[in-house]
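Novice: With the input below, show me the fold.
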Amino acid sequence: MSHPVDDLRAGVEAAASAMAGPGAGGWAGIKSRPTLERPRQAEHGDYATNAAMLLAPVLKAAPRDVAGRLAEELESGLGEAVDRIEVAGPGFLNLFLADAWYADALGHVLAAGPHFGAGGAPRFDNINVEFVSANPTGPLHVGHARNAAYGDALARLLSFVGHDVTREFYINDYGSQVGNFGRSVQARARGEEVPPDGYVGEYVATLALEIPDAATRPVEEVGREAVAMMIERARASLHAFGVEFDVWFSERSLHEGDPSDVDRGFAALAERGLTYTEDGALWMRTTDFGDDKPRVIERSTGEHTYFASDIAYAQNKRSRGFDHMIYVLGADHHGYIGRMKAAYQGVGGDPDALDLLIMQFVHLVRGGEKVSMSKRAGEFVTLDDLVEEIGVDAARWFLLNRSHDTTIEVDLELATSESAENPVYYVQYAHARIAAVLRKAGEARVQAALASLAEGAPAGLVLHPSERALIQRLLAWPQETVEAAQRQAVHRIAGYALELAQAFSAFYRDCQVVGAEPHELESFRIGLAVATQRTIASALDLLGVSAPEEM
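Specialist: Residues are numbered from 1 along each chain as shown. Below you'll find the model as predicted:
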C-alpha cells in the first residue's frame, strides 16, 4: 500500500503531465519534480506545491494562469480527496484536503501495523557502526555514555529503515598503555604510588585487590588481566544501558599470526608505493590522499604505531564486505579523520564509504552548577553513576535530543522531574495515557474498532482540527526516519516523538475518545489512538527508551 502523501504527489504530477502534453515529453520533460510540502501556516492549506511554476515555462504562460488551470485539473483528478485548491503568491497551489482523505490516511497507517514507517531506505546497505571503543584502562564515563547512546540509536535507526547493521566495539588492548596499566595496578598491589605515566583512581586499587598475586606476577600478565576485567565491566555497564555489540574486535589480534593483519596491511601499502623508510622508521605517504603530513607506521625500534593498527583494521573491515562504515569518535579525534580516510584509500578502499562522526562534549548540570569530572585526577562521573542517578531512559533521551556535533548540558534535576517540562517524561506519559484510554475502552472494543477501520474509513465523518493535525504528524513518520538515517541525525527522532506527543495531547484535550458519538466516530478515534501509541513506541524504541503502559 503506497503512502497517502506519495499518492497525492503522484496526482499532482499526473495532472501537470497531462497539461504539459506529449509535445513537452510529459512531466519527464521538466527539469525538476514539483515540491509537495506542509505550509508553515495552517490557513495556507494542508499541502502546497510549486508544480504550476515549473510548468509555466513549458506552456509559455504566466504562472498564476497555469496555476488556475492546474487547480481545475487537480480537482478533477483527486476527486473527493480534495476540499478545495487555492492559488497563492506567484503561482503556488495550496491544497485543502477533505476529511475523507484524512480518514483513508489513518487506514493506511493502521494497515501497516506496528512497523509503520519501517524499510523506507532508497537502497539497503550492509553497514558497520563502530562506537564507544573506549580505552580499557578506565571506567566508561559520561562522554562514553553519549557515544554509546548515539551509536546504538543510529544502528537501531539504520536497521529500522532497512539496512543490515553490524555494531562493533574496537578494544584498544595493544601497545604501551597496557603495560602502563599493568604497572599501575601492580604498584597499588604493592602499596606503592603509581608511576608518573600510570593510571590513578579507586578502580585501579580495586583491580589490585581482585587480581590474584598482582604484586608478584609478571607485569604483562597483570596488565592483560586488568584490561580483560575492565572490558567485562564495560560490557556489563553497556548492557545495563541497553547497548549490545555484535562484534568485540581486539586490536591485539591485528598483530598476531605470521603474517599478521598489520604485516598484510604494510604489504598492501608497499605494493602501491605508499611507504618509505627515513631515519630507520617506516612511513606512509598519507599526503597522497590529502592528509596534512606523512605518518610513521613503524618506529626505528621496530615498534608499531597506533596508525599501523588503524591501517590493518581498515583493511580487515574492507575484507568483511561492508558497503558503508561509520566511526563514532570522541571530541578529541578531529585529527583522526584525514589519516583514517588515507589509510582506507591506501589499502584500496573508497574513502567515501567511511563516515567519521565526531561527538561533542557532555556537561552535567545540577542546580544550575556544572558537575565536575576530572580524568587527570582519576575522578569520573561514570556511565554507571549517570544511570543510577537519572535512569536509563532519561540518560539516553538527554544524550540524544541534540545533534551529536553540538556540546550538550544534561540537567540532572530536570531529567528526574515528573513534569511536562521534562520531555522524556512528557512523551512516555503520552504513551501511558493512550494505554489507559485503550484499557478503558476494553480489548474487545479496540479490536472491533480496528476491524471496522480495516474494512474502510467511515463515510461522512467531520474531523476536528486536532484530529487532522495528529494524522498529519503520523504521516510524516516514514519520511522522518529516512531523512534522519540519511543525515545520521538521531536527535530528529527525539524531536519527532515530542511533537507527536504534543499533537496527541491536543487531540486528547479537544476530542472525547471512549464514549464519543456516533459509534463510528468512537471507532475512528480509538484507531487514531492506537496508531499514535504504536508510533510513539517505535520512536522511543529507536532511542532505546522504554514505552511504559502505566506511569
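Novice: rest of the way, CA atoms for contacts and neighbours
Specialist: Fine.
Novice: how many neighbours does the closest residue to residue 8 other than its chain neighbours have?
Specialist: Counting by CA to CA, 6 or more residues apart in numbering, the nearest residue to residue 8 once its immediate chain neighbours are dropped is residue 78, at 8.0 Å. Neighbourhood size, residue 78 [other CA atoms under 10 Å]: 17.
Novice: Now residue 78: phi and psi?
Specialist: Dihedral angles of residue 78 (phi, psi; degrees, to the nearest 10) stand at phi -90, psi -20.
Novice: In this model residue 11 seems to touch it, though I could be wrong.
Specialist: Yes. With contacts counted by CA atoms under 8 Å, residue 78 reaches residue 11, the gap being 6.7 Å.
Novice: got the contact list for residue 322?
Specialist: Going by CA atoms under 8 Å, 6 or more residues apart in numbering, residue 322 touches 125-128.
Novice: Do you have the strands of the stretch 201-350 of the chain handy? List them.
Specialist: Taking DSSP state E, counting those that start in this stretch as the test, the strands found in the stretch 201-350 of the chain are 247-250, 275-278, 281-284, 295-298, 324-329.
Novice: mind listing what the third one pairs with, with the direction of each?
Specialist: According to DSSP bridges, strand 281-284 has the following sheet partners: strand 275-278 (antiparallel), strand 295-298 (antiparallel).
Novice: average pLDDT across it?
Specialist: Here strand 281-284 scores 97 as its mean pLDDT.
Novice: shaky segments in this structure?
Specialist: When residues are selected by pLDDT under 70, those of the chain lie in 1, 22-31, 372-380.
Novice: And for residue 477, nearest residue in space, chain neighbours not counted?
Specialist: Nearest-residue entry for residue 477: residue 117, 6.1 Å, with adjacent residues in sequence omitted and distances by CA to CA, 6+ apart.
Novice: I figured the one you found hits residue 481, correct?
Specialist: Yes. Judged on CA under 8 Å, residue 117 makes contact with residue 481 at a distance of 7.2 Å.
Novice: Contact partners for residue 498?
Specialist: Applying CA under 8 Å, 6+ apart, the residues contacting residue 498 are 423-424, 426-427.
Novice: no wait, residue 329
Specialist: Taking CA under 8 Å, 6+ apart as the criterion, residue 329 is in contact with 131-132, 147, 356-359.
Novice: Inside helices: which ones of the residues you listed?
Specialist: Secondary structure assignment (DSSP state H) places residue 147 from the contacts of residue 329 within helices.
Novice: Please report how far the residue nearest to residue 195 when sequence neighbours are not counted lies from residue 205.
Specialist: Leaving aside its sequence neighbours, residue 195 sits nearest to residue 184 (CA to CA, 6+ apart; 6.5 Å). Remark: distance between residue 184 and residue 205 (CA to CA, to the nearest Å) = 9 Å.
Novice: Mind checking the strands of the stretch 201-350 of the chain for the one nearest to residue 33?
Specialist: Ranking the strands of the stretch 201-350 of the chain by proximity to residue 33 (CA to CA) places strand 324-329 first, at 28.8 Å.
Novice: re the thing from before, in CSV: the strands of the stretch 201-350 of the chain, plus distance to residue 525.
Specialist: Converted to CSV, the strands of the stretch 201-350 of the chain look like this (distance: least, CA to CA, whole Å):
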stretch, distance to residue 525
strand 247-250, 45
strand 275-278, 68
strand 281-284, 65
strand 295-298, 64
strand 324-329, 42
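Novice: burial count for residue 509?
Specialist: That count, for residue 509 with other CA under 10 Å as the rule, works out to 10.
Novice: helix/strand/coil for it?
Specialist: helix (DSSP: H, G, I helix; E, B strand; the rest coil).
Novice: Format the CA atom coordinates belonging to stretch 151-169 as CSV.
Specialist: Listed next in CSV are the C-alpha coordinates belonging to stretch 151-169 (Å, rounded to 0.1, in the frame of the first residue of the first chain):
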residue,chain,number,x,y,z
GLY,A,151,25.9,4.8,18.2
ASP,A,152,23.3,2.4,19.4
ALA,A,153,20.4,4.7,18.4
LEU,A,154,21.9,5.2,15.0
ALA,A,155,22.3,1.5,14.5
ARG,A,156,18.7,1.0,15.5
LEU,A,157,17.6,3.7,13.1
LEU,A,158,19.6,2.3,10.2
SER,A,159,18.2,-1.1,10.8
PHE,A,160,14.6,0.3,11.0
VAL,A,161,14.8,1.8,7.6
GLY,A,162,16.1,-1.4,6.1
HIS,A,163,19.9,-1.7,6.4
ASP,A,164,21.8,-4.7,7.6
VAL,A,165,23.8,-3.3,10.5
THR,A,166,26.8,-4.6,12.5
ARG,A,167,27.5,-3.0,15.8
GLU,A,168,31.2,-3.1,16.7
PHE,A,169,33.4,-2.2,19.7
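Novice: about what we covered before: who wins for proximity to residue 397 among the strands of the stretch 201-350 of the chain?
Specialist: That would be strand 324-329 among those, by CA to CA, at 18.0 Å.
Novice: Paired strands for that closest one, with orientation please.
Specialist: Based on DSSP bridges, the pairing partners of strand 324-329 within the sheet are strand 126-130 (parallel), strand 354-358 (parallel).
Novice: Of those, which stretch is the most buried?
Specialist: Between the strands paired with strand 324-329, strand 126-130 has the highest mean count of neighbours, a mean of 21, where neighbours are mean count of other CA atoms under 10 Å.
Novice: remind me, longest helix of the protein?
Specialist: Determined from DSSP H, the single longest helix within the chain is helix 519-543.
Novice: Against residue 159, how distant is the residue nearest to residue 477?
Specialist: To residue 159, residue 117 is 12 Å away according to CA to CA.
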